[in-house]
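Undergrad: Please find the sequence and the predicted model below.
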Amino acid sequence: MSAPGLTTVSEAKAFGGKQFVYTHRSEETGTEMRFAAFLPPQADKMDVPVLWYLSGLTCTEENFTVKAGAQRVAAELGVALIAPDTSPRGDEVPDDPDGAYDFGLGAGFYVDATEAPWSAHYRMRSYIETELPALVGQALPLDMERQAITGHSMGGHGALTIALRNPERFKGVSAFAPICAPMRCPWGDKALTGYIGPNRAKWREYDACALIEDGARVPAIFVDQGLEDGFLEGQLKPELLEAACDAAGIRLSLRRQPGYDHSYYFIATFIEDHLRWHAERLGF
Ligand SMILES: N[C@@H](CCC(=O)N[C@@H](CS)C(=O)NCC(=O)O)C(=O)O
């Protein structure tokens, strides 16, 4: 599908629909950005609802697209899948000085950086919250009144915080092994210190538990967490989200899945449940 403002990198028929990869120039990041879009067969005839999927550390738009196996059920349900990249890219974009995987390229943490040198390009919050929805809403056959969001690990953190800050826009939010409280784990501490600076008060809008403590509300949250996930205790901490939701009266369905790790095998196992959960809430 030729789409105004988007350059098609690839397209392939899948389950009667089409899997696309697009690039476009981003005003927010000042770079060329790439994202994947699956359009179900129903999109030939009507605008379809959208499930956003935000990926984790080290990922591009490709990991979810080729590993999660989400297209079959998305085609059945008639929902589009949009999977953005996880950071700006390009020679002009600074990276972690030590080349670590948890900061810089592939690790944008869905924040708008305020600290130099990151603030020039690392604007993934505004890119995902504002620029990309406006672009895809214009260019693709999407019903932007029916959006839901999910993600994995760093992307689970992105999905939770974006939904909590924009409850009117997302009819549903779920996550796979999300970083539940970035202010209270090493990945989050490093990212927020680097991108936002030392004032922890400014971190709160990027921490799902802090947002809930500060009054943000969504009707329900669905989370799957593998119990053999090596990041569970040190980084992900679902018990903190559980406590925050309990205190706030938010309905959290947290499934602790015995034997599952942090990989895309875990996501591929449970993506169908998430798609069907969102379908019920969005009415698709
Ligand atoms: N050991 C991993 C740590 C990062 C990691 O586990 N990334 C997760 C998200 S937090 C992922 O989805 N990796 C890509 C993949 O499995 O395809 C690495 O160095 O690549």
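TA: Great, that's in hand.
Undergrad: Give me the neighbour count for Lys237.
TA: Neighbour count for Lys237, taken as other Cβ atoms under 10 Å: 22. C-beta: built from backbone N, CA, C; applies to glycine.
Undergrad: Look through this structure and state the residue closest to the ligand.
TA: Closest to the ligand within the chain is Gly56: 2.5 Å, counting by Cβ to the nearest ligand atom.
Undergrad: Kindly state the pLDDT recorded for that residue?
TA: Note on Gly56: pLDDT of 98.
Undergrad: got a list of what Pro40 touches?
TA: Phe15, Gly16, Gly17, Val48, Ala74, Ala75, Leu77, Gly78, Val79, Ala80 (Cβ atoms under 8 Å, 6 or more residues apart in numbering).
Undergrad: got it, and Gly56?
TA: Thr86, Gly151, His152, Ser153, Met154, Gly155, Gly156 are the contacts of Gly56 under Cβ under 8 Å, 6+ apart.
Undergrad: element containing it, please.
TA: Per DSSP states H and E: Gly56 is located in neither a helix nor a strand.
Undergrad: Next, work out how far apart the residue nearest to it when sequence neighbours are not counted and Leu164 are.
TA: Leaving out its chain neighbours, the residue that sits closest to Gly56 by Cβ to Cβ, 6 or more residues apart in numbering is Ser153, at 3.3 Å. Remark: distance between Ser153 and Leu164 (Cβ to Cβ, to the nearest Å) = 17 Å.
Undergrad: Run a quick neighbour tally on Leu227.
TA: Neighbour tally, Leu227, other Cβ under 10 Å: 11.
Undergrad: Sorry, slip of the keys, the one I care about is Ser55.
TA: 28.
Undergrad: for Val50, same thing?
TA: The tally of other residues near Val50 (other Cβ under 10 Å) stands at 26.
Undergrad: One more: Phe20?
TA: The number of residues near Phe20, taken as other Cβ under 10 Å, comes to 20.
Undergrad: in this protein, which spans are strands?
TA: Assigned strands in the chain, in chain order: 7-14, 17-25, 32-39, 48-54, 80-84, 142-151, 170-176, 220-226, 251-257 (criterion: DSSP state E).
Undergrad: Can I get those strands in a markdown table including distance to Glu233?
TA: Formatted as a markdown table, these follow (distance: least, Cβ to Cβ, whole Å):
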| stretch | distance to Glu233 |
| --- | --- |
| strand 7-14 | 37 |
| strand 17-25 | 36 |
| strand 32-39 | 32 |
| strand 48-54 | 23 |
| strand 80-84 | 28 |
| strand 142-151 | 20 |
| strand 170-176 | 17 |
| strand 220-226 | 11 |
| strand 251-257 | 13 |
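Undergrad: Out of the contacts of Gly56, list just those in helices.
TA: Met154, Gly155, Gly156 (DSSP state H).
Undergrad: now those residues: which count as buried?
TA: Burial by neighbour count, judged by 16 or more other Cβ atoms under 10 Å, picks out Met154, Gly155, Gly156 from those.
Undergrad: List the buried residues for stretch 140-147?
TA: In stretch 140-147, counting by 16+ other Cβ under 10 Å, buried: Leu140, Pro141, Leu142, Asp143, Arg146, Gln147.
Undergrad: Oops, could you answer that again for stretch 208-228 instead?
TA: 208-212, 216, 218, 221-226.
Undergrad: And stretch 112-126, by the same measure?
TA: Neighbour-count burial for stretch 112-126 [16+ other Cβ under 10 Å]: Asp112, Ala113, Trp118, His121, Tyr122, Arg123, Met124, Arg125, Ser126.
Undergrad: Could you identify the most distant pair in those residues?
TA: For the buried residues of stretch 112-126, the farthest-apart pair by Cβ to Cβ is Trp118 and Ser126; their separation is 13.7 Å.
Undergrad: so where's the stretch 101-250 of the chain shaky on pLDDT?
TA: Applying pLDDT under 70 to the stretch 101-250 of the chain picks out no residues at all.
Undergrad: Which residues of it lie near the ligand?
TA: The stretch 101-250 of the chain comes close to the ligand at residues Tyr101, His152, Ser153, Met154, as judged by Cβ under 6 Å from any ligand atom.
Undergrad: try 8 Å this time
TA: Proximity of the stretch 101-250 of the chain to the ligand, by Cβ under 8 Å from any ligand atom, involves residues Tyr101, Asp102, His152, Ser153, Met154, Gly155, Ala177, Phe231.
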